[in-house]
Every structure is written in structure tokens, then in C-alpha cells.
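1. 3D model of this:
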Amino acid sequence: LARDRFGIKPLYFSYFDGIFFFGSQTKSFLKHPNWRNEISFNALGSFFRLGYIPSNQSIFQNTSQVLPGHYLIFFNNGKIEQKCYWDLKKIIKSNRSKGIKNNDLKNQTEVFLNNSVKEHMISDVPIGSFLSGGIDSSLITLIMQKNSLKKIMTFNIGFEDKSLDESSYASKIARHIGTDHHNAIFSNQNIIDLVPKLNAIYDEPFADSSQLPTILLSLLTKKKVKVALSGDGGDELFGGYNRYNWAKKINFFYNLPYFMRSFIGKSLKFMSPMKWDRILSKLPLLKKYSFPGDKVYKLSDVIQFRDFSSVYSYLISQWQVKDIPLKKKITFDNSFLLNRENSFLDLPEQMQLIDINNYLPDDILTKVDRASMSCGLEVRVPYLEKNLVEFVGSIDSQNKNSKKILKEILYKYVPKKLISRPKMGFSVPLEKWLKGSLKDWANELFQKKELENNHIDSKIIIKKWKEHLSGKRNWQYQLWPVLIYQSWKRSLDSSS
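-> Predicted coordinates for the structure are as follows:
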């Protein structure tokens, strides 16, 4: 068995009782009379922590995925070996040891990207592009249109709730580029109605709530085309996530003695998150951040670690390892540790590599693949073309972070004013929905007996649920994966 370099497509396998199972989703295994629905609590712990299940695990015991960039050999004596055929870290290290210098980064990147988009446009069926109006998708769409004799079809969705709606940005860019643009406006209820369908679409528990609008976008796109190009991978490859910059700023605190960091950290919790929200929301520079009080509390925790290596792990976790509400002993790997001193990669590069190996395949690509394939749409990812990735990997972070190169290419063709705005993401207002439209659904899943039957500590969950409903704290990121698992487990039990 072999899986693509980046884990764009899934590939599960399992072996027990002399039977070797493999397939693109574990739901096919459930049809076998000898299959056992035994939950892996290590995987469940990872799921609560991250909101997704890493490729080296599955929600089921004795089951995992072939790792991205690996192939698997199954021997007739039951032995299983996984071998790596493509390792980006080794490629970057090799290129840097050769002292390869690229003086014309912008033009070279554009050439590689242009070649990748042209390759990904080869199709004997109608093809289009997801266009969010952000840098990544706008650049892919622009290059598609430059390489097409007719108007490219572009797709975007908007929302009646104007706090979520970015569709006007996509429409303006589509007009400037000259695409055949398709946009649909949905209500909050349209999205909420998808929640009961998530188990069937995602197969295993998956708790990135942007899966909901991604499903709606895929349904809209499938009405007109059978293949769509997306801008996924641009953030990981070109340093687009805010956390890369946050980690660099937090690194500053680690130049201070521990007692000073500890004092500053504890001082930040003298006020409740709600009071911080009220104060910080009045400052012009911080108005764009949602729930700033929660971010202050996170900063308080993260500057009090003895060692900086755990900072990134903390930043990407929904539940911290020590707080995971499972009544089972679980173990975790150390895939998310940073090295401040002894790595040839700087901190942003280390984080990007961790994301390319973990967050990208197991969250971002999983989200889009399951959503699109559920309605028969093929999504292609031009940023993840081998030659482009290897070239960009050889560029130091100072030259590419915050998407510097992509912006320079895009601004040659599209006015900066159409693109330049704070990063919003494909988010939904879970915090409000859990208090409103999803409240009854959540209440039912948070019943003490059902939580305890699934080995979840009901005291912890019910306490957070009450605090969330009262507005005392925003616990959406901790509660959502628990809800998704409870719902998924109920579906599994009912189908057994």
C-alpha cells in the first residue's frame, strides 16, 4: 500500500485474527463479520486534544493510516513494515547543506506555481476553483484564468449572518480576474442542519467546525463542475498562520528568568476572561480578535512552562494533555515539540514542518476530501505539487513568512486593496450556536450516564457546559470534540 506525499487521500489498514483490512475509510471494515468495534482510547485522547485523529492512529484499535510519503509492506507471516519514500525535512537539509542560493525567489515561485496549476487543470470534465477571496485561492484562480481561453468557473458561499460573510471580497476579485463566478447565501440554519450528517460524511470523529461550510461549498460547486482546485497548503507552505508569529513573540519571554515569567503569567489571571474581553475590545488594534480574554489566559499558561519546547503543542491543543477528560490511561507521542537551539530550522520553519506532517493531512485535507467526496466532487491541491514544495522548503522563513512571496506575485495582477485585510478563516459561531440552536442537541449528548458509559469524566464536562451556557467562559473548543465523539459513538452503537 502507498499513500501520496502529503496525505491528500486517506488509506487505512488494520490487522488482527489473521485478517488484513485496508481501504479509504474504516466504514468498509465494519461490514466484515469478524470486525470488532473496539475504541482506541489513545486515539480518542488525541482527538480531544487536537480536534482530529492523527494518521498514525484511528478511532479503532489495531488500526491506523499509511503515513503520508510512506508505503507499507504486508508480509504473509503478518509482519507489517512502513517505509518512507519522501521526507521534506531531509530534502530541506540536503538543499541547505549544498548552499543553494535563490536570488529571484518571487519569479521562480511564480514559475513553479504556474506549472503546477497548469498540470492540475488537465481534465476531461468541467473544472472550476474554490475562491474565498483570500491570498491562496485568489492566486490559484488568477493563474487558472491566465491559462484558460474561456472563463473559469469560481465558487464561493456567503452567509445571512454578516459577521461570517466574506463573499463580497470573493465577488470583487472574481470581477477583477474575469471569472464566471457562482455564489450562494446560506442561513445559520442551513449549516446547523448538516450537524446530524457529519458522522456519515466523516466516518471517524472529526471536529474542525469549518467542515460545515466546506460541505455547503462542495454541494454548490458540484452542481456546475466535477473537479475544483483549492488553495489548501498555502498557509503551511508560506507561513500564513498567526501562531507562527505568536510563537516568535512568546519566545521573547523565554529570555527572561523563570520567576519573572511565572510572575507575569500569574498576574494575567488576576482578572476573569470576561473582564479582559471588555477592556481589550475597546482597543482599536485588538478589536479584530474574538474572545481576547481567552487568548490572555492562554498566554498566561504558555509563558509559565519550564521549557519552550512545549509551547507549540499548547498553542494547537483544544484540551491540554493533563486536562483530557477521559477515565482511561492514555499515552501521547512528542510530534509537536520545538527545538529552540539545536535545529537547522528556525522556529517558524519547525512549526510549518510539524503542520505539513500533521495538521495539513489530518485536519485541512481530511476536511476538504470528505466534504467534497461526499457529493462526488474531486478537489485538487496545486500548492502541494512536489517540485513547488521542495523549492519553497529551501527558502528561509524570513523570505516567505506571512505569505510575503505570494502577496508580491498576486499584487502584480490584483490591486492590494482587494486582498489586504485580516485573516478570517472559514469559521462558524459555535459559541453562540451551543447556547441557541444546538443547545438541546448538546444537552442530550451531555447527559451524565451517556458520558460515563463512554469513559468520559462527566463532572468536568458538565461543569464546563454550565459555565459556557452562563457566559462565564467560552469553552466551544473543548466541548465541540466531546459532542462530536458522543454523537459519533451513538451512531456506531445504533448500527452495530
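
2. Touching, I461 and P325? I think so.
-> Yes. Counting by Cβ atoms under 8 Å, I461 touches P325, with 5.9 Å between them. All C-beta spots, glycine's among them, are computed from the backbone N, C-alpha and C.

3. tell me, what's touching these two both at once?
-> V482 (Cβ atoms under 8 Å, 6 or more residues apart in numbering).

4. Go ahead and measure how far stretch 340-359 is from the middle of the chain.
-> Relative to the chain's own centre, stretch 340-359 is displaced by 16 Å; criterion: Cα atoms, centre = their mean, to the nearest Å.

5. for the record, mean pLDDT for that stretch?
-> The pLDDT scores in stretch 340-359 average 89.

6. Can you give the contact residues for it?
-> Outside of stretch 340-359, the residues within contact range by Cβ under 8 Å, 6+ apart are 6, 52, 54-55, 68, 88-89, 92-93, 96, 235-237, 239, 241, 243-245, 247-248, 251, 254, 308-309, 312, 316, 335-336, 338-339, 396-397, 401.

7. By mean pLDDT, flag the weakest helix or strand of this protein.
-> Least confident helix or strand, the chain: helix 397-400 with a mean of 80, by mean pLDDT, DSSP states H and E.

8. For it, give me every contacting residue.
-> By Cβ under 8 Å, 6+ apart, helix 397-400 touches 105, 237-239, 346, 348-349, 352, 392, 405.

9. Using CSV, lay out those residues together with secondary structure and neighbour count.
-> Converted to CSV, the contacts of helix 397-400 look like this (DSSP: H, G, I helix; E, B strand; the rest coil; neighbours: other Cβ atoms under 10 Å):
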residue, secondary structure, neighbour count
L105, helix, 18
L237, helix, 24
F238, helix, 24
G239, coil, 24
D346, coil, 15
P348, helix, 21
E349, helix, 21
Q352, helix, 28
V392, helix, 23
I405, helix, 23
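
10. CSV please, covering the residues you listed and showing distance to Y202.
-> Below are the contacts of helix 397-400 laid out as CSV (distance: Cβ to Cβ, whole Å):
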residue, distance to Y202
L105, 38
L237, 25
F238, 28
G239, 28
D346, 35
P348, 30
E349, 31
Q352, 26
V392, 30
I405, 34
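
11. Could you grab the helix/strand/coil label for F22?
-> When classified by DSSP: H, G, I helix; E, B strand; the rest coil, F22 comes out as strand.

12. actually A184, not the one I typed
-> strand.

13. Kindly tell me how buried it is, as a neighbour count.
-> By the criterion of other Cβ atoms under 10 Å, A184 has 17 neighbours.

14. That one reaches D165, doesn't it?
-> No. Using Cβ under 8 Å, A184 makes no contact with D165, being 11.7 Å away.

15. Mind listing the shared neighbours of those two?
-> G158.

16. what's the burial count for G471?
-> Residues lying near G471 (other Cβ under 10 Å) number 10.

17. gap between it and V482?
-> For G471, the distance to V482 (Cβ to Cβ, to the nearest Å) stands at 19 Å.

18. same thing with P10?
-> 24 Å.

19. returning to what we had before: tell me which of the contacts of helix 397-400 is nearest to G265?
-> Nearest to G265 among the contacts of helix 397-400 is P348, at 23.2 Å by Cβ to Cβ.

20. in the stretch 351-496 of the chain, what spans have low per-residue confidence?
-> 422-426 (pLDDT under 70).

21. can you pull out the helices in the stretch 351-496 of the chain?
-> Applying DSSP state H, counting those that start in this stretch to the stretch 351-496 of the chain gives helices spanning 359, 365-373, 386-393, 397-400, 404-410, 416-419, 430-433, 439-445, 448-453, 458-470, 476-495.

22. okay if I get those helices as a markdown table plus distance to F155?
-> Compiled in a markdown table, those are given as follows (distance: least, Cβ to Cβ, whole Å):
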| stretch | distance to F155 |
| --- | --- |
| helix 359 | 24 |
| helix 365-373 | 11 |
| helix 386-393 | 23 |
| helix 397-400 | 28 |
| helix 404-410 | 19 |
| helix 416-419 | 18 |
| helix 430-433 | 24 |
| helix 439-445 | 29 |
| helix 448-453 | 39 |
| helix 458-470 | 34 |
| helix 476-495 | 26 |
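
23. and P10 and V482? which has more neighbours close in?
-> V482 (27 against 22).

24. Nearest spatial neighbour of the more buried one, chain-adjacent residues omitted?
-> I461 (5.9 Å; Cβ to Cβ, 6 or more residues apart in numbering).

25. For the one you found, give its distance to F21.
-> 33 Å.

26. Tell me which of these two has more neighbours.
-> I461 (21 against 18).

27. ok, now which ones touch the more buried one?
-> 325, 446, 451, 479, 482.

28. So which bits of stretch 374-387 are buried?
-> Across stretch 374-387, burial judged by 16 or more other Cβ atoms under 10 Å covers 374, 377, 379-385.

29. hmm, I was thinking of stretch 134-151
-> Neighbour-count burial for stretch 134-151, counted by 16+ other Cβ under 10 Å, picks out 134-145.

30. just stretch 480-490 next, same as before
-> Neighbour count says stretch 480-490 has 480-489 buried, by 16+ other Cβ under 10 Å.

31. so where do the helices sit in the stretch 101-250 of the chain?
-> For the stretch 101-250 of the chain, the helices defined by DSSP H, counting those that start in this stretch cover 105-120, 135-146, 167-177, 188-192, 198-202, 211-222, 234-238, 242-253.

32. Redo these as TSV? Include distance to D363 and mean pLDDT.
-> As requested, those are arranged in TSV below (distance: least, Cβ to Cβ, whole Å; pLDDT from 0 to 100):
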stretch	distance to D363	mean pLDDT
helix 105-120	22	96
helix 135-146	16	97
helix 167-177	23	93
helix 188-192	19	89
helix 198-202	11	95
helix 211-222	10	96
helix 234-238	11	95
helix 242-253	13	87
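
33. Which one, of these, ends up nearest to H32?
-> Closest to H32 of these, according to Cβ to Cβ: helix 198-202, at 19.0 Å.

34. Packing partners of that closest one?
-> Helices and strands touching helix 198-202, by 3 or more Cβ pairs under 8 Å, 6 or more residues apart in numbering; DSSP states H and E, are helix 211-222, helix 365-373, helix 476-495.

35. Would you tell me which of these gets closest to F29?
-> Taking Cβ to Cβ, helix 476-495 is the member of those nearest to F29, at 12.1 Å.

36. Any idea how many residues pack against the closest residue to Q189 other than its chain neighbours?
-> Nearest residue to Q189, sequence neighbours excluded (Cβ to Cβ, 6+ apart): S437, at 7.1 Å. Using other Cβ under 10 Å, S437 has 15 neighbouring residues.

37. how near is S437 to P429?
-> Distance, S437 to P429, using Cβ to Cβ: 10 Å.

38. Equivalent analysis for K226, please.
-> 32 Å.

39. So which of those two has more stuff around it?
-> P429 (18 against 15).

40. Make sure F130 is actually in contact with S137.
-> Yes. Counting by Cβ under 8 Å, S137 is a contact partner of F130 at 5.6 Å.

41. still on that earlier bit, so which of the helices of the stretch 101-250 of the chain is nearest W465?
-> Closest to W465 of these, according to Cβ to Cβ: helix 188-192, at 18.3 Å.

42. Please compute how far the closest one lies from its chain's middle.
-> 21 Å.

43. what sits up against it?
-> With Cβ under 8 Å, 6+ apart, helix 188-192 has contacts from 159-161, 212-213, 216, 428-429, 433, 437-438.

44. again, but for stretch 300-310
-> Residues outside stretch 300-310 that contact it (Cβ under 8 Å, 6+ apart): 250-251, 253-254, 258, 261-262, 264-266, 268-269, 311, 314-315, 320, 337-340.
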